[in-house]
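Enquirer: take this sequence and fold it.
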Amino acid sequence: MRDGLAQIGVFPTSDELDLFVKRYDTTGDRRLNMRELSDAFVAIDTHYGNMMERRGSNHRYPVYRPDDCFMPDTRHQFGAVWRQHFRSETSAESVR
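Expert: Now for the predicted structure:
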């Protein structure tokens with residue numbers, strides 16, 4: 001996970017990754033499957049959550065480079081979402 005995040009300019013600490021996995025790992029295996037990972041990014045609002053769930057996959061064969069899938073602004077925004085996740089989990093942990 002860390003290598004993929006580094007490609008979009010996100011460099012979480014081990015503690016931040018641990019908190020993220022702990023928050024979204026519903027199976028208790030300390031690994032995130034695709035459902036658990038997607039749950040981290042689904043909107044809480046049911047209307048928007050359903051829109052995302054109905055959307056088809058953009059995964060196509062052959063596998064494309066990350067640069068082929070994201071425009072620069074999308075890559076920046078995706079990185080910002082990841083950073084916000086890590087900030088939120090760290091903040092919640094400090095409150096606990």
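Enquirer: now the end-to-end length of stretch 31-51.
Expert: 26 Å (CA to CA, to the nearest Å).
Enquirer: now do the buried residues in that stretch.
Expert: 32, 36 (16 or more other CB atoms under 10 Å). No exception for glycine: its C-beta is placed from N, CA and C like everyone else's.
Enquirer: quick one, longest helix in the protein?
Expert: helix 72-95 (DSSP state H).
Enquirer: Three-state assignment for residue 32, please.
Expert: Following DSSP: H, G, I helix; E, B strand; the rest coil, we place residue 32 in the coil state.
Enquirer: can you give me phi and psi for it?
Expert: For residue 32, the backbone dihedrals (degrees, to the nearest 10) come out as phi -100, psi 120.
Enquirer: can you list the low-confidence ranges for the protein?
Expert: 57-69 (pLDDT under 70).
Enquirer: can I get the longest helix of the chain as PDB, trimmed to CA atoms?
Expert: What follows is helix 72-95, C-alpha atoms only, in PDB (Å, rounded to 0.1, in the frame of the first residue of the first chain):
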ATOM      1  CA  PRO A  72      -3.000  15.500 -12.700                       C
ATOM      2  CA  ASP A  73      -5.800  17.200 -10.800                       C
ATOM      3  CA  THR A  74      -7.500  13.900 -10.000                       C
ATOM      4  CA  ARG A  75      -4.200  12.500  -8.700                       C
ATOM      5  CA  HIS A  76      -3.800  15.600  -6.500                       C
ATOM      6  CA  GLN A  77      -7.400  15.300  -5.100                       C
ATOM      7  CA  PHE A  78      -7.000  11.600  -4.500                       C
ATOM      8  CA  GLY A  79      -3.800  12.200  -2.600                       C
ATOM      9  CA  ALA A  80      -5.600  14.900  -0.600                       C
ATOM     10  CA  VAL A  81      -8.400  12.500   0.300                       C
ATOM     11  CA  TRP A  82      -5.800   9.900   1.600                       C
ATOM     12  CA  ARG A  83      -4.000  12.600   3.600                       C
ATOM     13  CA  GLN A  84      -7.300  13.700   5.200                       C
ATOM     14  CA  HIS A  85      -8.100  10.100   6.100                       C
ATOM     15  CA  PHE A  86      -4.700   9.800   7.900                       C
ATOM     16  CA  ARG A  87      -5.200  13.200   9.600                       C
ATOM     17  CA  SER A  88      -8.700  12.300  10.800                       C
ATOM     18  CA  GLU A  89      -7.600   8.900  12.200                       C
ATOM     19  CA  THR A  90      -4.600  10.500  14.000                       C
ATOM     20  CA  SER A  91      -6.800  13.200  15.400                       C
ATOM     21  CA  ALA A  92      -9.400  10.700  16.600                       C
ATOM     22  CA  GLU A  93      -6.700   8.600  18.200                       C
ATOM     23  CA  SER A  94      -5.300  11.500  20.100                       C
ATOM     24  CA  VAL A  95      -8.800  12.300  21.400                       C
END
